[in-house]
Every structure is written in structure tokens, then in C-alpha cells.
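Visitor: using only what follows, build the 3D model:
(chains A and B)
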There are 2 protein chains.
Amino acid sequence: MQSDWSRWFPLVQWLKDYKKETLISDSVAGVIVAVMLVPQGMAYAFLAGLPPQMGLYAGIIPLFIYGLLGSSRSLAVGPVAIASLMTGEAVSSFAQSGTELYIATAMVLALLTGLVLLLMYLLRLSALVNFLSHSVITGFTSAAALMIAVSQLKYVFGLEVERGDHFFGTLLNLLDGLPGTNLATVLISVLSFLLLWYCKQHLARVLRVIGISSGVADALAKAGPMFAILGGVLVVAVFELNQGHGVSIVGTIPAGFPDFQLLPFDLQWWQKLLPAAVLIALVGFLESVSVGTALASKRRERIKPDQELLALGAANLGAAFSGAYPVAGGFGRSMVNDASGARTTIASLITATGMTLTVLFFTSWFYFLPKAVLGVIVIMAVLPLIDLTGIRKTWRFNRADALTLAVTFVSVLLMGVEAGLIAGVVLSVALLLHRNSHPHMAVVGRVGDSEHFRNIERFDVQTNPGCLGLRIDENLYFANTRYIEDEVMVIVSRQPNLKHLVLICSAINFIDASALETLEMLRDNLKESGITLHLADVKGPVMDQLQETDFIEHMSPGKVFLSTHEAMQSLCEG
Amino acid sequence: MQSDWSRWFPLVQWLKDYKKETLISDSVAGVIVAVMLVPQGMAYAFLAGLPPQMGLYAGIIPLFIYGLLGSSRSLAVGPVAIASLMTGEAVSSFAQSGTELYIATAMVLALLTGLVLLLMYLLRLSALVNFLSHSVITGFTSAAALMIAVSQLKYVFGLEVERGDHFFGTLLNLLDGLPGTNLATVLISVLSFLLLWYCKQHLARVLRVIGISSGVADALAKAGPMFAILGGVLVVAVFELNQGHGVSIVGTIPAGFPDFQLLPFDLQWWQKLLPAAVLIALVGFLESVSVGTALASKRRERIKPDQELLALGAANLGAAFSGAYPVAGGFGRSMVNDASGARTTIASLITATGMTLTVLFFTSWFYFLPKAVLGVIVIMAVLPLIDLTGIRKTWRFNRADALTLAVTFVSVLLMGVEAGLIAGVVLSVALLLHRNSHPHMAVVGRVGDSEHFRNIERFDVQTNPGCLGLRIDENLYFANTRYIEDEVMVIVSRQPNLKHLVLICSAINFIDASALETLEMLRDNLKESGITLHLADVKGPVMDQLQETDFIEHMSPGKVFLSTHEAMQSLCEG
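Guide: The predicted structure follows:
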């Protein structure tokens, strides 16, 4: 029996056999993630058009909450790239970046995202992510990553340009602004890029070669963004690049813990933000569950999707009331968290503690931080999300999926993340229904003298001009009911002496109201043409459904037979 | 061989064996429909917030065009109730009823509706109506009919009230306005109602009893609305009810044929109207095809849905350029057209000629026509669309369909026809995917010493602790792939000594990219746990798909077996 506590707080269960080694392992992972999260938090806040400290705040209360409620041992929650992009897009249609209203709107968005997740938790709607097919996710993520990368280029080149209406607009604005490139900024960007690339590709190996233990070497390699930040701060501060050379810097970040925030209530405003909140909740949940599941299944463990809804919902409420913006489980940091040894959500609590210390004591260190370094960090973090291999593979595997992927990708670039995602989902569902709308149907005949009936086009079977056995290999529902009606009438019209049509229902698991309506019309139209409709091989649940209606009564003289054999014997061979 | 002409114009084919009796039959039907269409046209135009003559115009050019292009012998095209309601809702968010802009917008809407239908024709998208399930249609139609009926009550009571934001708002406004009821108007309404009810229920029988031939009796019974109109005009004109007693009348209707209209082009304006045009096109096409199919199948004939797209698209373009608004095939008039003897679309041409004569010579007759009579005519026409029996039946048959129906119904009343329809479609698709997201899976074992394998829960079969055969009874695609992955891991975790998992694919007809991704993850996760994944009974097309990828290569040492028998024999019994 689980205690009540551990039902709500998975951490309680894990603490029951918590050992000193686990604490050390968790702590190392927690510290490494904190070292990643400081620069990422500030960078993602910029991406969302928010002041950098909001990204740091997003790494405190939400992580404490997730640490208590989360069911994934190694998911690293906090500000993430795509939710930051979506926040920026949603909020910027309400307010000008940099204003009080903009900041308040971002916090309200976190509140609504949290409420949507909690509602999904209460209604056990974790299955909603099933609507996002792999192709939609790949197309969406790749396009979003591309948009994020391009949005950072203005920091990388030190330009003052506006965002366009869509991706290509932003790109054009950038090209127009290119003559204003700041050379000192570009130099910083290039150096940051080289440093990050070197840390990622070579540092761990080199450190190991010179005799440093492989755990420490890996940890140092993951601190690349922190090195870039410290390097950037030093270079700008020493050479006063922000004065004479126009390098744009982060500036003052207020120290200390954010105040508890009361959010203004305005129904109309909230209503307009709701669609964005729903999509951020869905996408954030999807990303978290995907990463969480992947990491858990390596250990033959599983996460609880519903518990994740609760944990992420509460984490977003925490974000809203602590001056932050929507959070989710991040892909990159979670991988690092897991690889660095996170065994329980104690690692999250350690990370949150590290972030708290940063906010309390170290914000002044980031005064001289060039925005270009943050831009490079973001670009390096999102480039792996552009999944060119996946696009190629999908194209070869299945054209419908490839079309979905391509349309989602282009729609996101042209119409923005929200409309693009919706377009992708609608198309994927439409193509699915289209595929199911032409089910396989077979006219069958008797195999020799046996009781077996098979497709007349594939087997040498006996048929009868007055009797026709027709097998439909699909559930009957609205997407295919018109096609089936048409096909039946075509098949019937080819056989002028037909008296009995036996529908073989062995492959039918359910019938919806549209199909019932169609069956009723078929039955009556056939009757007017002098043909009697019969059913055979009806599965139990379908029969129960039909008996709730007067369908079978009105079939008379048509009957329901247990098997095709019985039907044919009784109708045509008697 | 069909000639080229008859490929485009089904009428050409029918004229080849056109007889004098057919012409008489067509003419009678055409005249009867015209007698119905004059009052309905004016009434529906009012419903759409348009001047009455636009409803008459909608019965001229579109009918000539449909007569040439239509593939249904007895579909009666023209202004219809639901499209009129949708037109009114769409246009009134752009302009004030009664203004030039309002009228121009309605014509542009007809143009766009026509273009959408023609685009659907070019892309052969008649299957799009498959997205509208029976429950969505019933819920939508019933709610729309209720809205239409309530919208006419202000004419019935002679009130001057505004339409509300939604159905209940309109209802409240009506209740507020009730003290201003005009008694003379109510008297006219009650008399019209009694007259229509009498004509519909009793007139034909009474006439037959007094010796009038049953054809004439039926025709006279169908002229009820025309009698109501003539009676209303006479009563108002003789007693001057429009002067002293404040009965609201139709007033001057310009005589003569409308001018050819050039429509103003404004991309932004058109873009905003497009969603409404798409929905009017879909709903209009659906109504037309449903009625047309039903009437045709009585004669074991079929209509051509794609040809209908062409014919209705062209008819709407004709409406746009002749001063009318969106048209479709109407339910009630088509039934009457068919029952009155329409055998070809010549009947439509006769109706259109009758409407032309009305517009040329008789518009002045309708000056004194009380709006109350039109309101009563509309209410009597739409009440049968409120399908209470269907609602009850659906509830008993299938709760998911009943939920869809109820949500569509309430959404239409609360959010309007467009948003309500979309909500219904989204819900019906969501429930379908939800139902498909938990497919049946069976662990199987060998039946005795045979080569057959059956569900271990239902049959007495032999199993092996090192080998597991698992059959999945559903196609693998995005809606069920996460569930399947979870279930497989649960099943596997129950069997600690497992070495080989054989997925039996006999019921799998296709695999999408999401499922491939899941299979790859399953394969790799199982491998990490020391279990080898194998496939058996893979259908040809699925095998072809898999061979386009490196999935099978990476399965090694896992194999693809022709049958479950072969797999089990080779893996566990060797």
C-alpha cells in the first residue's frame, strides 16, 4: 500500500530508501543544471521579450514545486525555448515589450497555462497529446527552432531591427539592417560560438587526456555557456566595449527574491490569452512527457502522465505568482540532468537552491554581460531541434506524414506558432480520416464445400446470383459511411437478380450514429428495390448497440445470422 | 459513349429521351415550386437581413444555371433557411443591415461561396462533407432551426427589438420587448399560422373528399404559403392596417430584372469573409447532396457529388452577379419538387421562369404584405428541422454521438452557427480518435499442437516464459501509439524471464511515422532490457513501408517471420 503522501508526492516514495550516494549524485546533477540554467534562463527571457531576471525567477519556485510533485526522476523544469517563443508571440499582440503590461501579461499567461494543465489533470486529459502526431511535432519544433535562431541574429550582429509579421518578414528586416552591424559585437559572438562549440565537442576529451577524472571533465564541458558568459562579462568590462564600441549589454538585474505577485483580473483579457495558454500547456506538457518517458524507460521505469499534469500545472501557477512566465520540462537540460546523475527530484530542489543563491547574490555580476553571448547560447541550444534527418526519413516512409510535416513547418513560419500548430493538427487528422474513408470491402464466396467464405477476387469460390455476401473490413463511422453506401449500391446494381444481401460484420467493432442512419437508408432503399438486407457475424458489443434501436425489427424479413455459412445456407441453398 | 456535352451538362443526356409527358410533369412541379419559392424567397431574404427582392433574385439565375449543370433530377436550388441565417450572421459583423455595404457584402459572400465550391470541384473534395457526422448535422440543424424560428418572433409579434449576441440574448430582448406587442400583427400571425397548418394537414384530404382530383388537391395544399400571402395582402390593404394599426409591411419591391453586378474587390475584406463562405459552402453542399442522394436512390439512381460541386458553385457565382446571395439545394422544396413530378432539371428552368415573371410583373402586389406572414412561413418551414426523435434515438444508441449532438446544439446557440459547427466537428473527431486510442491487444498462445494462436484470456492455450506473442488489433498511428507503447512495457514487465517479444501484425493495415518512431523506441528500449523484438504476419504494404527505412536492419538479431507459428517454433521451441 502506498501512503497518502506518496500518492500525491512521488518524492516521498523515493526518500524512503534515499542513500548518501544518491544525495551526492542528485547534488552534482542539480548544480550542473543550475550552471546551465543561469545563462539559459536569461537568454530565454530575452527571447520572450522579458527582462532577464524573469528567466531566473522561472528557475526557482516552479522547480521547488516540480521537485515535490513530479513523477519523473530527472526531468529538468524551467524556462524552455519553444514556450518562451510562444509566450513572446502571444504577449506581443497585447502589449509593447518592455512595458509593465507586457510583463503582467506574461505572468497571467503562466497562470492560465497552469490552470489549463490542472483542468486537464482533473479531467484526466493527458491523452490530448495523442492529437499531436510525430510529423506535426517534428514540423512544428523544427520551424520554431528556426524562428528562434533567426530571432537571435539581431543580438549576434548587434542590430536594432524590428520583428516582422512572420518569419520571412523578420528575415528581411534583418537583411535590411545588416549594414548597421556592430563589429565588436560580431567578434564577441564568434568567440562565444567557438568557445561553446569547443566545450561541446572537445573539452571533455581533452580534459580526460590531461588526467582529469571523467566525471569532472563532463561537468566542466557542460559549463560551456557559463564560461562564455563569464568571458563575455570580463571582455566587455575590461575593454569598456559597452561605452566606446556600442556593444549592447544586459545592464542592471535587480537583486533579491521577487515579491509575491497579485495578478490583475480582467475576464476579457484572460479570454483572449486563453488559446495561447492552451497551446503552451499542450506543447509544454508534450515536451515534458516525451523527455520524461524516454529517460524513465531507459531504466524500465515509467512516469505518470496525469501526475505530470498536476506537477507542471502547479509549477506554472508558482511561476505566475513569483514574477516568472510559463515553464515546462526542457529537452536539453533534462538530458544533462539525467546524464549527470539525477536519481530523484532532489536534483531539482538543488538546482532551485542554486538559482535562489544566484538571484540573491550574483545578479550584479551580469551587468556587463553582452546580449550577443545570450543570443549565441540560444542558437546553439535550439539548432539540434531542426530535425533534417527526421524530415528526410518521414518523406521516404509515408507521403501523408511528409505532407503534414511540410505544411506544419511552412505554416508556422508564415502564420506563427499558434496558427501553424493548429493547421498541422487539422491536416494530420484530415489525412487520417481521408485514409480511413475508403475501407476495404470484399464480395465473398464459399470455398469448395467448406464453411469458409473468401474474397471472390483472390480465391476460387462459389457464388449465387440471388445472394451476395459482402464483408466490410473497417468500423462503420461518419468518415466512411457515405463511401460504403455508394459502394454497396454500385455492387448491388451489377447483380440484377439479387434477392438477398448479407453484410458480414466480422471486422466491425463499433457503429456510430451516422453509420446507423446509413444502414437504415440502405435497408430501406434495398427493400424498395426488392432486395432484403441481412447481417452475419455481428460482434457482441455491436449487437448490443443495435438492439437499443428498432433497426433489426425493421429489417424484417431480413435476419441476423450467426455466421456467413448459416446465412448462405438458409437463404440461397435451402 | 457519352458526348462531351452531356459530360458537362447532365440535362443534355436526359433530353435525349425527353417526352411530352415528362415536360408536363416537370412543368407542374416547376410551377408548384415557384409558388412556394416566391414567399419563401422574400422570407429568407428578411432572415438574412436583406431586402425581399434579393430572395426573389436568388430564385432566377442560380436556378437557370443549376438546371443546366445539376446532376440531381429533382433538387430545388435557391435561397434556403440555414444558409440565409449563416449569411445574416456573417454579414452583420461587417455592416449594418439595410446599408449598401451590407447588400454588397452578401453578394461577395455568394461569390466566395461559389469560388470555394468550384475549388472543391477542381480538387475533387466532395469527400470533405464526410467530416460532418450525423450527430453534428442533427445538432447543428436543430439549433439553427430554433434560432431561425426565434429570430422571426419579432415579426410575428410586431416588435422592434435588436438581435442579441447569441440565442439567449435574442430571447431576452424579445421578452423585454413583449409589452410592445402589436395586436393586429398577432392576429394576422395567428390566422396565417392556422391557414398554413390547415393546408399542410387537412386541405388535400378535404379537397379530395369534395371530388377534386388528387394531383390538383396536392398542388393546392402546397400553395398554402401563397394563400397566406395573398390573404395577408388583402387584409392589410382593405383595412389599412399598416396605417392606423401599425402592422409592419414589406413596402415597395423594385420591379424588373436586377442589373448585372460588378463586385468591389478588396482582398482584406474578402479574406475576413472567407471562413464564413467555406462553412456556407460546406453546409449548403451537404444539404444539397443529402437531399439529392435520398431522392435519387428511391429510383435506384445516383447523383454525382463532384458535378454537384460544379453546379452549386456556378449557381452561387450566378447569384453573386445577379444581385442575390448564397444559394443551395433546399430540403423542403426539393421534396415537394420530387413529389410533384419533377423528372429532370427542366423543372428548375420552369421555376426560374416563374420567378422571372414574378419579378417583372408582380412585385407591386406584395407592397401590403405583412412581415408577420413571412415570419410565420419561415417558422413553419424550419420547425420540422428540429429533430427531437433523432436526439432521443442518438442518446440511446451511442453516448459519444449524443454528447457531440448536445455540444453542437448548445455551442450553436451560445456561440453562433459558425463557431458552433466548428466546435461540433472538432469534438466528433476528438471522440473518434479517443475511441481509437485504446486498441484491443491480446497476448496469444498455441492452441494444442496446431499452428493456431489465440488470446490466452479466452482460450486454453500453451505459452512459454521466454517468448511472448502479442497481437495488436488496430492500425498503428499517432492516436494510439503512446498507449500501445505503454501497454507493451506493462505486459513485458510482468514477465521477468522474457527473451523474445513477437508482435503479430495480422490486423495492421498501415503504420504512420509516429508509430514507426514508437516502434523504434520500443525496439531499442527492449534491447536495453535484454529482450529481442520480432515481427510476424506483416501484411505486404506494411512490409514495403518498413523496407523503405532501416527499421528491420536495426531489429537484428530480431527477425520478421511469415507466421506466428514459424516465429514461436524457431525462437522458443527449437
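
Visitor: so which bits of the stretch 1-150 of chain A are right by chain B?
Guide: Within the stretch 1-150 of chain A, the positions near chain B by Cβ under 8 Å from any Cβ of the partner chain are A:127, A:129-135. Just so you know, the C-beta spots here come from the backbone N, C-alpha and C atoms, and that holds for glycine as well.

Visitor: tell me which two of those residues sit farthest apart.
Guide: Using Cβ to Cβ, the residues of the stretch 1-150 of chain A next to chain B span at most 18.7 Å, a distance reached by A:127 and A:135.

Visitor: more neighbours: those two, which one.
Guide: residue A:135 (32 against 19; other Cβ atoms under 10 Å in any protein chain shown).

Visitor: residues in contact with residue A:127?
Guide: By Cβ atoms under 8 Å, 6 or more residues apart in numbering or on different chains, residue A:127 lies in contact with B:434, B:437, B:482-483.

Visitor: so which of those reach chain A?
Guide: Restricting these to contacts with chain A (Cβ under 8 Å from any Cβ) yields B:434, B:437, B:482-483.

Visitor: so which of those sit within helices?
Guide: Here DSSP state H is the test, and those give B:434, B:482-483 as lying in helices.

Visitor: of those, closest to residue B:329?
Guide: Proximity of these to residue B:329 (Cβ to Cβ) peaks at residue B:434, which lies at 34.1 Å.

Visitor: got phi/psi on the closest residue to residue A:239 other than its chain neighbours?
Guide: What sits nearest to residue A:239 in space, not counting adjacent residues and going by Cβ to Cβ, 6 or more residues apart in numbering or on different chains, is residue A:245, at 7.7 Å. Main-chain dihedrals, residue A:245, degrees, to the nearest 10: phi -110, psi 10.

Visitor: how close does residue A:245 sit to chain B?
Guide: Counting by Cβ to the nearest Cβ, to the nearest Å, the separation of residue A:245 from chain B is 45 Å.

Visitor: coming back round to it: so which of the ones in helices among the ones next to chain A among the contacts of residue A:127 wins on neighbours?
Guide: residue B:482 (20 neighbours).

Visitor: just to be sure, residue A:299 is in a helix?
Guide: No - counting by DSSP: H, G, I helix; E, B strand; the rest coil, residue A:299 falls outside a helix, being coil.

Visitor: quick one: it from residue B:528, how far?
Guide: 9 Å (Cβ to Cβ, to the nearest Å).

Visitor: likewise residue A:257?
Guide: Residue A:257 is 43 Å from residue B:528, by Cβ to Cβ.

Visitor: and if you look at residue A:16?
Guide: For residue A:16, the distance to residue B:528 - Cβ to Cβ - is 26 Å.

Visitor: now do residue A:168
Guide: 44 Å.

Visitor: cool, residue A:121 as well?
Guide: From residue A:121 to residue B:528 the distance is 31 Å (Cβ to Cβ).

Visitor: looking at those two, which is more packed in?
Guide: residue A:121 (21 against 11).

Visitor: point out where chain A drops to low pLDDT.
Guide: Residues of chain A meeting the criterion pLDDT under 70: A:1-3, A:260-261, A:298, A:300, A:574.

Visitor: which residue ranges make up each domain of it?
Guide: Here the domain assignment for chain A is A:22-212+A:219-253+A:273-384, A:441-572, based on automatic domain parsing.

Visitor: right, so those: which one is the most enclosed?
Guide: domain A:22-212+A:219-253+A:273-384 (a mean of 22; mean count of other Cβ atoms under 10 Å in any protein chain shown).

Visitor: just the terminal-to-terminal distance for that domain.
Guide: Terminal residues of domain A:22-212+A:219-253+A:273-384 are spaced 31 Å apart (Cα to Cα, to the nearest Å).

Visitor: please apply the same query to stretch A:233-247.
Guide: 11 Å.

Visitor: can you list contacts of it?
Guide: By Cβ under 8 Å, 6+ apart, the list of residues contacting stretch A:233-247 reads A:158, A:182-185, A:188, A:191, A:248-249, A:365-370, A:372.

Visitor: so which bits of the stretch 451-574 of chain A are right by chain B?
Guide: Near chain B, when you scan the stretch 451-574 of chain A using Cβ under 8 Å from any Cβ, you find A:477-483, A:486, A:489, A:493, A:509-514, A:516-517, A:521, A:525, A:528-529, A:545, A:548-549.

Visitor: now the closest residue to chain B within the stretch 201-350 of chain A: how far from residue B:518?
Guide: Minimum separation of the stretch 201-350 of chain A from chain B (Cβ to the nearest Cβ) falls at residue A:297, amounting to 4.8 Å. To residue B:518, residue A:297 is 11 Å away according to Cβ to Cβ.

Visitor: returning to what we had before: can you put the domains of chain A in TSV and add distance to residue A:403?
Guide: Below are the domains of chain A laid out as TSV (distance: least, Cβ to Cβ, whole Å):
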stretch	distance to residue A:403
domain A:22-212+A:219-253+A:273-384	8
domain A:441-572	18
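
Visitor: for the strand or helix carrying residue A:112, C-alpha coordinates in CSV please.
Guide: Taking DSSP states H and E as the criterion, residue A:112 maps to helix A:100-122. Coordinates of the C-alpha atoms in helix A:100-122 are reproduced here as CSV (Å, rounded to 0.1, in the frame of the first residue of the first chain):
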residue,chain,number,x,y,z
GLU,A,100,4.6,46.8,-17.2
LEU,A,101,1.6,45.5,-19.2
TYR,A,102,3.8,43.1,-21.2
ILE,A,103,5.3,41.7,-18.0
ALA,A,104,1.9,41.3,-16.3
THR,A,105,0.5,39.6,-19.4
ALA,A,106,3.3,37.1,-19.4
MET,A,107,2.6,36.3,-15.8
VAL,A,108,-1.1,35.9,-16.5
LEU,A,109,-0.2,33.6,-19.3
ALA,A,110,1.7,31.4,-16.9
LEU,A,111,-1.3,31.4,-14.6
LEU,A,112,-3.7,30.4,-17.4
THR,A,113,-1.2,27.7,-18.6
GLY,A,114,-1.2,26.3,-15.1
LEU,A,115,-4.9,26.4,-14.8
VAL,A,116,-5.3,24.7,-18.2
LEU,A,117,-2.9,21.9,-17.1
LEU,A,118,-4.7,21.5,-13.8
LEU,A,119,-8.0,21.3,-15.6
MET,A,120,-6.5,18.6,-17.9
TYR,A,121,-5.4,16.9,-14.7
LEU,A,122,-8.9,16.9,-13.2
